[in-house]
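Asker: Here is a sequence together with a model predicted from it:
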Amino acid sequence: MLFCSGRSLIIFIIFICISIKDFHNNWRGRYDKLEYTHTFIQWLFPLREPGMNSAFCQSHEAKANLLESYKLMLDFYGMELCNDQTGEVKRAENWEERFNNLNYNLHNSLRITRIIKCLGILGYRHLQAPLVHFFLKESLVKGELPYVKDSILNYFMFAVLDKGERKKLVEFAYFNYHPKDEFVWCSEKIQMQLQQKQLQQQQ
């Protein structure tokens, strides 16, 4: 695919201008097609390719298309991007139907992991943590997405590149995970530190 190849940036930009805009116009809201077609996700959300990442990040149009692809997939999962500067995500109006689909079609967890990784390496690192925080809150606090919980903790959380943000996510997960003695996503030493912090907050 030209999107992921090492060909010139000119060819790359022409390709996405024609094909990705078509995709955005024709596939948004077509949930069955998005669910059962498995070839588009690698094209919309490419990962590391020698020489491609820096060229991508320098292209305003390529980055704009990636953001539109992200919004399209959020809609597929029953979510909305509230602010592309802060990365805040909220439930869409049809969230119950889409969350149900997400719970029972677990291959989407692989897709989401890829999306999070792609955002981080192609200029949208600031969107990673808010998305994962949304998933943690829906799963651990609100009790939704029970079948996605393991993927959230094992993969989504650790795909976040910013160490400070990742630390905050682990902390949020620990404080909201039950039972605490089954929490395995940070060391016992860190858990003890978090317990002390929680006690101080309660005093």
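Answerer: Here it is on my side, so go on.
Asker: Could you use CA atoms for every contact and neighbour count after this?
Answerer: Noted.
Asker: In this structure, which residue is most central in space?
Answerer: Ile116 (3.6 Å; CA atoms, centre = their mean).
Asker: Quick check: mean pLDDT of the strand or helix carrying that residue?
Answerer: Secondary structure assigned from DSSP states H and E places Ile116 in helix 107-121. Averaged across helix 107-121, the pLDDT comes to 97.
Asker: Give me the contact list for that helix.
Answerer: Outside helix 107-121, the residues within contact range by CA atoms under 8 Å, 6 or more residues apart in numbering are 41, 45-48, 53, 70, 102, 125-128, 148, 151, 155-156, 159-161.
Asker: Just after that helix, pick out the following helix or strand.
Answerer: By DSSP H and E, the next helix or strand past helix 107-121 is helix 128-136.
Asker: Restrict that next one to CA atoms and write it as PDB.
Answerer: In PDB, the C-alpha atoms belonging to helix 128-136 read as follows (Å, rounded to 0.1, in the frame of the first residue of the first chain):
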ATOM      1  CA  GLN A 128      -3.500   8.900  23.800                       C
ATOM      2  CA  ALA A 129      -3.900   9.300  27.500                       C
ATOM      3  CA  PRO A 130      -7.400  10.900  27.400                       C
ATOM      4  CA  LEU A 131      -8.700   8.000  25.300                       C
ATOM      5  CA  VAL A 132      -7.200   5.400  27.700                       C
ATOM      6  CA  HIS A 133      -8.500   7.300  30.700                       C
ATOM      7  CA  PHE A 134     -12.000   7.200  29.200                       C
ATOM      8  CA  PHE A 135     -11.700   3.400  28.700                       C
ATOM      9  CA  LEU A 136     -10.500   3.000  32.300                       C
END
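Asker: thinking again about what came up before, in ChimeraX, how would I select the buried members of the contacts of helix 107-121?
Answerer: This is how ChimeraX selects the buried members of those, with burial counted by 16 or more other CA atoms under 10 Å:
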select :41,45,46,47,53,70,102,125,126,127,128,148,155,156,159,160,161
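Asker: Name the spans of the protein whose pLDDT lies under the cut-off.
Answerer: 1-18, 49-52 (pLDDT under 70).
Asker: on that earlier part again, could you quantify the relative orientation of the helix holding Ile116 and helix 128-136 as an angle?
Answerer: 160 degrees (axes from the mean of the first three to the mean of the last three CA atoms, to 10 degrees).
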